[in-house]
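Model the structure of this input:
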Amino acid sequence: MRILGIIPARYASTRFPAKALVDIGGKSMIQRVYEQSSKATQLDQVIVATDDERIFNHVMDFGGKAIMTANTHQSGTDRCFEALTKTDGIYEYVINIQGDEPFISPEPIDNLAEALDGEVALATLVKVIDSDEILFNHNVPKAVLNKRNEVMYFSRQTIPYLRNPESGQWLGAHTFYKHIGIYAYRADVLAEITKLPVSSLEKAEALEQLRWLENGYAIKAVITSDDSHGVDTPEDLVRVSRKFLL
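You can find the predicted model right below:
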């Protein structure tokens, strides 16, 4: 089973322009993501997919691999598909690795890859929620799983709603899952989902993965103990740097 790791990286960002090239303790964000992802033993290759020559040249300069893609893509999934079509290898699966997690651990990437057996169409990571701060934060997507550990629904709301316990007692009454935004796509399925129109549920929640569920694709959930530490703003960068570099 050959698996390609792709790190989509844009230069433009509404909340944090040029964040892929920002310096974090002597290395750029994209270099840290690339180096951490390259430690995953289940990936046959890691590449950066970008629409900007500055990012492309920077990746090549530090010895990484990069592919130029169009600047019209609306999502990392679309960028991953174009990058896949431009590789010279044959891969059964693609894992989309977020380009704004400079301290990502290779273990959850390997855990996700180990769930790919040729039958799984799509897969992603989830983590058990252990704090009310995360549970009731509408900026943190949650996932509800079925008995086969497939995702039934994603929402920014706290789901499922518990009718009887007070909100401060929800964590002790039910297992809630935070969605960790790393995706695995079987290559043929990646080609299919990039052709789907934006769905009503996707519009409602602003969550791309709902488009796949709404069109009948099963998404395997792999439970991880590793958390995500994404950098969306300069303030996030300060927080994450203090956690990992000090």
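
CA only for contacts and neighbour counts going forward, please
Will do.

Got phi/psi on Arg124?
Not Arg; residue 124 is Thr. phi -150, psi 170 (degrees, to the nearest 10).

What about it, how many residues nearby?
A count of nearby residues for Thr124, using other C-alpha atoms under 10 Å, gives 25.

Need the pLDDT of the closest residue in space to it that isn't next to it in sequence.
Nearest residue to Thr124 in three dimensions, chain neighbours excluded: Tyr183, at 4.7 Å (C-alpha to C-alpha, 6 or more residues apart in numbering). Looking at Tyr183, its pLDDT reads 98.

Could you name the specific helix or strand carrying Tyr183?
Secondary structure assigned from DSSP states H and E places Tyr183 in strand 177-186.

got it, and Val126?
Following DSSP H and E, one finds Val126 within strand 122-128.

Toward the C-terminus, what is the element adjacent to that strand?
Downstream of strand 122-128 (by DSSP H and E), the next one is helix 132-135.

gap between the next helix or strand after that following helix and the chain center?
Next helix or strand after helix 132-135 toward the C-terminus (DSSP H and E): strand 142-145. Per C-alpha atoms, centre = their mean, to the nearest Å, the displacement of strand 142-145 from the mean C-alpha position of its chain is 15 Å.

Let me see the ranges of the helices in this structure.
Per DSSP state H, the chain carries helices over the ranges 29-37, 53-61, 76-86, 106-114, 132-135, 170-173, 187-193, 200-205, 209-214, 234-245.

Tell me which of the ones you listed approaches Val222 most closely.
Comparison of the helices of the chain against Val222 by C-alpha to C-alpha identifies helix 106-114 as nearest, at 6.2 Å.

Residues contacting that closest one, please?
3, 36-43, 95, 123-125, 184, 222, 224, 226 (C-alpha atoms under 8 Å, 6 or more residues apart in numbering).

Farthest from the middle of the chain: give me that residue.
Distance from the C-alpha centroid of the chain peaks at Asn164, with 33.8 Å (C-alpha atoms, centre = their mean).

and Ile223, how many neighbours?
Residues lying near Ile223 (other C-alpha under 10 Å) number 19.

hey, what's it bridged with?
Note on Ile223: beta-bridge partners Val126, judged by DSSP bridges.

Now do it against Arg211, distance only.
The gap separating Ile223 from Arg211 is 22 Å, by C-alpha to C-alpha, to the nearest Å.

Repeat that for Lys147.
Distance from Lys147 to Arg211, by C-alpha to C-alpha: 22 Å.

ok, those two, which is more surrounded?
Between Lys147 and Arg211, counting by other C-alpha under 10 Å, Arg211 is the more crowded of the two (20 against 6).
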